[in-house]
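Asker: Could you look at this predicted model? Sequence included:
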Amino acid sequence: MTTKKTEEISQKFIACLQSTGRVGKSTFAETLIHWLNFAGVRFAGIDSDAEHKTLSSRHKEIIFFNAVESPDAFVKLIGAIPESPVVIGDFPAQATGFLLENWNNYKVSEVLASRGSKPVNIIFAADDQTAQTSAAKIWKQFGTSSDYLIVRNPARAKSDEFDKLGLYAALKAAGAREITLPTILAATLTQVQEVAKARRTYVTLDEAAKDSAFPMINRFDIEAFQNKVMAQLEDAADILLPSPSLIKNKIHRAAAATAATAEIDPFNL
């Protein structure tokens, strides 16, 4: 399989093809979009989840196109991928078999490489065997023709079983990067739902936090969550973007506490 050299890559196609549910997939996608907007990186998105239409219903940048309806539709999607530095693909959670079969049949990695586009597979470090097997199939299909971002969600995957897999070792050896989704307070999520209920429409975390009635402490909780994730995404910009130089706005990072500050003696201030 032939791919372009790294310096010739002008686009990253980011997608989660893994068969997994309730691991924070939507939360990750929301934060990725939030970071790209903040960073000033131009992107496009394609929503192929006909059942939920999650991203296309929430973001004007995302178009809906049912690419898993048939092989013809899938090939049409690949031929019409927008020309932007980053493209986000959202696919149904159980479409791994269809996607990998057609990706292989139509040599999509080679097609993308000829355009300077390289896939980035999002892999969730899940506990359940179905998700792990699906991730292994993705690795077997793509190998080093793809970049990888491993997403950890301690609220969903509470064990270290994923780290014991030969798959994890192979991904790390191939240069996979990792991020961890911080925990959001249950009370904050309840407040987000209250805003959505009042508006009778879905609201993103960012939209909810800007609502005038949103409690300040929960707003700070959302800001802390977003800042922690976006800092990690920025650190992984070398695989998420064709070039980190595309970033126009960087995350402000508070200086780490020094040992002297951390070990305060209350009797000797």
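Answerer: Good, I have the coordinates. Numbering: from 1, shown residues only.
Asker: which residues of the stretch 51-200 of the chain fall in strands?
Answerer: Counting by DSSP state E, counting those that start in this stretch, the stretch 51-200 of the chain has strands at residues 62-64, 86-90, 117-124, 147-152, 177-180.
Asker: For the last one, buried residues please.
Answerer: The one in question is strand 177-180. Residues of strand 177-180 classed as buried by neighbour count (16 or more other Cβ atoms under 10 Å): Arg177, Glu178, Ile179. No exception for glycine: its C-beta is placed from N, CA and C like everyone else's.
Asker: Over to the shortest one?
Answerer: Going by neighbour count (16+ other Cβ under 10 Å), the buried part of strand 62-64 is Ile62, Phe64.
Asker: partners of that strand in the sheet?
Answerer: Strand 62-64 has its sheet partners listed here by DSSP bridges as strand 43-47 (parallel).
Asker: So what's the model's average confidence on the strand it pairs with?
Answerer: Mean pLDDT, computed over strand 43-47, is 93.
Asker: Restrict it to CA atoms and write it as PDB.
Answerer: Output of strand 43-47 as PDB, limited to C-alpha atoms (Å, rounded to 0.1, in the frame of the first residue of the first chain):
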ATOM      1  CA  PHE A  43     -12.700  21.900   9.200                       C
ATOM      2  CA  ALA A  44     -15.700  20.100   7.700                       C
ATOM      3  CA  GLY A  45     -17.800  17.200   8.900                       C
ATOM      4  CA  ILE A  46     -19.900  14.400   7.500                       C
ATOM      5  CA  ASP A  47     -22.600  12.800   9.600                       C
END
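Asker: Tell me what angle it forms with strand 86-90.
Answerer: 20 degrees (axes from the mean of the first three to the mean of the last three Cα atoms, to 10 degrees).
Asker: For strand 43-47, what is the distance to the chain centroid?
Answerer: 12 Å (Cα atoms, centre = their mean, to the nearest Å).
Asker: Next: stretch 161-169.
Answerer: Remark: stretch 161-169 is offset 20 Å from the chain centroid, using Cα atoms, centre = their mean.
Asker: Can you get me the start-to-end distance on it?
Answerer: Using Cα to Cα, to the nearest Å, the end-to-end distance of stretch 161-169 comes out at 12 Å.
Asker: What of stretch 169-179?
Answerer: By Cα to Cα, the extent of stretch 169-179 from end to end equals 16 Å.
Asker: contact partners of it?
Answerer: 123, 125, 139, 143-144, 147-152, 229, 232-233, 235-236, 239 (Cβ atoms under 8 Å, 6 or more residues apart in numbering).
Asker: tell me which residues in that stretch are buried?
Answerer: For stretch 169-179, a neighbour-count test (16+ other Cβ under 10 Å) marks Ala170, Leu171, Ala176, Arg177, Glu178, Ile179 as buried.
Asker: returning to that earlier point: want to try JSON lines for the buried residues of strand 177-180, with pLDDT and distance to Asp160 as columns?
Answerer: Output for the buried residues of strand 177-180, formatted as JSON lines (pLDDT from 0 to 100; distance: Cβ to Cβ, whole Å):
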{"residue": "Arg177", "pLDDT": "97", "distance to Asp160": "18"}
{"residue": "Glu178", "pLDDT": "97", "distance to Asp160": "13"}
{"residue": "Ile179", "pLDDT": "96", "distance to Asp160": "16"}
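Asker: what's the closest of these to Val75?
Answerer: Closest approach to Val75 among the buried residues of strand 177-180 (Cβ to Cβ): Arg177, at 30.2 Å.
Asker: roughly how far apart are that closest one and Val203?
Answerer: Here the criterion is Cβ to Cβ, to the nearest Å. By it, Arg177 lies 30 Å from Val203.
Asker: Over to Asn249?
Answerer: In this view, Asn249 and Val203 are 23 Å apart by Cβ to Cβ.
Asker: the more surrounded of those two?
Answerer: Counted by other Cβ atoms under 10 Å, Asn249 and Val203 do not tie: Val203 has more neighbours, with 20 against 12.
Asker: Next up, the contacts around that one.
Answerer: Neighbour list for Val203: Val192, Val195, Ala196, Asp211 [criterion: Cβ under 8 Å, 6+ apart].
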